[in-house]
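S.K.: Task: produce atomic coordinates for the following.
(one chain, ligands or ions: 1)
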Amino acid sequence: MPDRFDALIIGAGPAGAAAGLRLVRAGARVLLIDRDPFPREKPCGGALSRIAVRRLLSLGIRPSDVILVEAREVEVSFRGARPVVLEALAGGGFTTRAVLDSRIIDTFREAGGVFQEAEPALDVDPSRGIVRARRGSYRADLIIAADGSRGTIARRFFPSPRTHYAIAICASIHPDDHILDRFGSRARCEVGFIRDGYGWIFPRGDDLSAGVFTVERHPRALRRTFDAFLHRMGFGSASRGPVRGVPIPVGRPKRRYRIGRLIAAGDAAGLADNLFGEGIPWALLSASFAARRGLAFLAGDARALDRYDGDLRRIVAGPLRAARILASIIRIAPGIAFRFLIEGRRIRRFGGPLRIGRRGEHDSGPDEYPRRGAGL
Ligand SMILES: Cc1cc2nc3c(=O)[nH]c(=O)nc-3n(C[C@H](O)[C@H](O)[C@H](O)COP(=O)(O)OP(=O)(O)OC[C@H]3O[C@@H](n4cnc5c(N)ncnc54)[C@H](O)[C@@H]3O)c2cc1C
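M.R.: Residues are numbered from 1 along each chain as shown. Got it, this is the predicted structure:
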């Protein structure tokens, strides 16, 4: 394998693999490295909103390639009270990260990209374009840090004292088959039992994803809250996988998204929403921008990466800010918000702020994202 590439991408989650795929399809020589062996199961609810699905489609990845269960209905309850059943917006669904991430990586490889798993990046020289990894050093004209919210490269080069980290923990639940069948394509969410957050049960075919999310700064006894939630949902004694979680960076602007030849994308750039903790659509969107500006940079446009900085600022100032504002309103009076939004069916079809996708519903190029904030 040559040690010189046009682009080197650190992290093979949706942000890194999608950026790699776009670059390699445009003719660049791309190396994608990840610290972990694949397939790996990153802690994640696996909900793909229709914006995420449209971004995947724009990569040529069909929903049927990755969605295990289509979302049809969402049952939402407040503190264990009788749930309200909402129709889900058509187009979204549920998956596992082993399925989703492997699919994007396989497509990247089929397009001619080089993928090295179990190859952690240890250090980067952003001005000379050198990445030092466990098995050797690589040179590249463009480097993308897509190493997630806890990645060493992102944290070293793109620290952000202003980024707030939400926390979510989740586990895979394995109930009896008849319970799985009864679940069908209905997701369940509960609000009001945890401050500034919610709990979820998502169907994935062979199992369920269950978890709790909160943006509270120092949540106490989160594990106990999770256990109590599972118990209320009737899964107290169901067999389950390990409970895992990672912080989710919820959308405040970073000081910068570019240093020399190095740019950040996805969670590494702090792009997740404050209301649901949804990050996959923004990871995929930042990947589109990273590839577009990266290609211009590789073609000799020295200012292209500065424009990438502007692209990400618009995501943070647009849809992510809108989600943050809505979350703060709900936080002040969750009971009233539930009655108004859910019982009043003002979120008529579940998707909530994800309906900010209205403009993105006609997805086309990477610039296609909502500019005017959330509209319920
Ligand atoms: C419990 C939980 C539930 C969630 N549920 C949802 C959901 O249902 N829907 C949704 O849209 N979002 C959800 N999110 C958010 C979503 O998981 C992230 O926003 C998304 O994974 C971001 O993608 P990414 O590619 O930026 O980073 P990641 O998916 O985190 O990928 C980063 C990759 O970088 C690799 N890496 C790290 N360090 C290095 C290194 N030094 N060298 C090489 N590789 C490295 C990691 O191994 C990893 O593969 C959830 C998050 C959590 C924690």
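S.K.: drop to CA atoms for contacts and neighbour counts, all remaining ones
M.R.: Will do.
S.K.: gap between Pro319 and Arg313?
M.R.: 11 Å (Cα to Cα, to the nearest Å).
S.K.: Tell me which residues touch Ala121, please.
M.R.: 10, 33-35, 131-134, 153 (Cα atoms under 8 Å, 6 or more residues apart in numbering).
S.K.: Buried subset of those as a ChimeraX selection?
M.R.: A single ChimeraX command is used to select the members of those judged buried by 16 or more other Cα atoms under 10 Å:
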select :10,33,34,35,131,133,153
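S.K.: Of the contacts of Ala121, which belong to helices?
M.R.: Ile153 (DSSP state H).
S.K.: As CSV, the contacts of Ala121 with distance to the ligand and pLDDT would be great.
M.R.: Shown next, in CSV, are the contacts of Ala121 (distance: Cα to the nearest ligand atom, whole Å; pLDDT from 0 to 100):
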residue, distance to the ligand, pLDDT
Ile10, 5, 98
Ile33, 6, 98
Asp34, 4, 98
Arg35, 4, 97
Val131, 10, 97
Arg132, 10, 97
Ala133, 8, 97
Arg134, 9, 96
Ile153, 6, 97
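S.K.: Have a look at Pro319 and Arg313 and say which one is more surrounded.
M.R.: Between Pro319 and Arg313, Pro319 has the larger neighbour count (other Cα atoms under 10 Å), namely 25 against 19.
S.K.: pretty sure the more buried one is in a strand, no?
M.R.: No: according to DSSP: H, G, I helix; E, B strand; the rest coil, the state of Pro319 is helix, so it is not within a strand.
S.K.: if I look at it, how far off is the ligand?
M.R.: From Pro319 across to the ligand, the span is 14 Å (Cα to the nearest ligand atom, to the nearest Å).
S.K.: cool, Ala210 as well?
M.R.: For Ala210, the distance to the ligand - Cα to the nearest ligand atom - is 9 Å.
S.K.: that's a strand at that residue, yeah?
M.R.: Yes: assigned with three-state DSSP, Ala210 falls within a strand.
S.K.: Contact partners for it?
M.R.: 45, 170-173, 199-202, 230.
S.K.: Check Phe115 too.
M.R.: 31-33, 105, 109.
S.K.: Repeat the analysis, applying 6 Å as the threshold.
M.R.: Contact partners of Phe115, counting by Cα atoms under 6 Å, 6 or more residues apart in numbering, are 31-33.
S.K.: for Ala90, what are its contacts?
M.R.: Contacts of Ala90 by Cα under 6 Å, 6+ apart: none found.
S.K.: Revised request: answer the last question for Ala187.
M.R.: Taking Cα under 6 Å, 6+ apart, one finds 74, 201-202 in contact with Ala187.
S.K.: nearest to the ligand, of the contacts of Ala210?
M.R.: Gly45 (3.5 Å; Cα to the nearest ligand atom).
S.K.: And that closest one, its phi and psi?
M.R.: phi -70, psi -30 (degrees, to the nearest 10).
S.K.: Could you do His218 as well?
M.R.: phi -130, psi 70.
S.K.: Show the pLDDT at it.
M.R.: pLDDT, His218: 82.
S.K.: That one: how many residues sit nearby?
M.R.: Using other Cα under 10 Å: His218 sits among 10 other residues.
S.K.: what do you get for Ile332?
M.R.: Ile332: 11 neighbours (other Cα under 10 Å).
S.K.: contacts with the ligand among the contacts of Ala187, please.
M.R.: Applying Cα under 6 Å from any ligand atom, the subset of the contacts of Ala187 adjacent to the ligand is empty.
S.K.: Which ones among those residues lie within strands?
M.R.: 74, 201-202 (DSSP state E).
S.K.: Having no further points to raise, I will conclude here.
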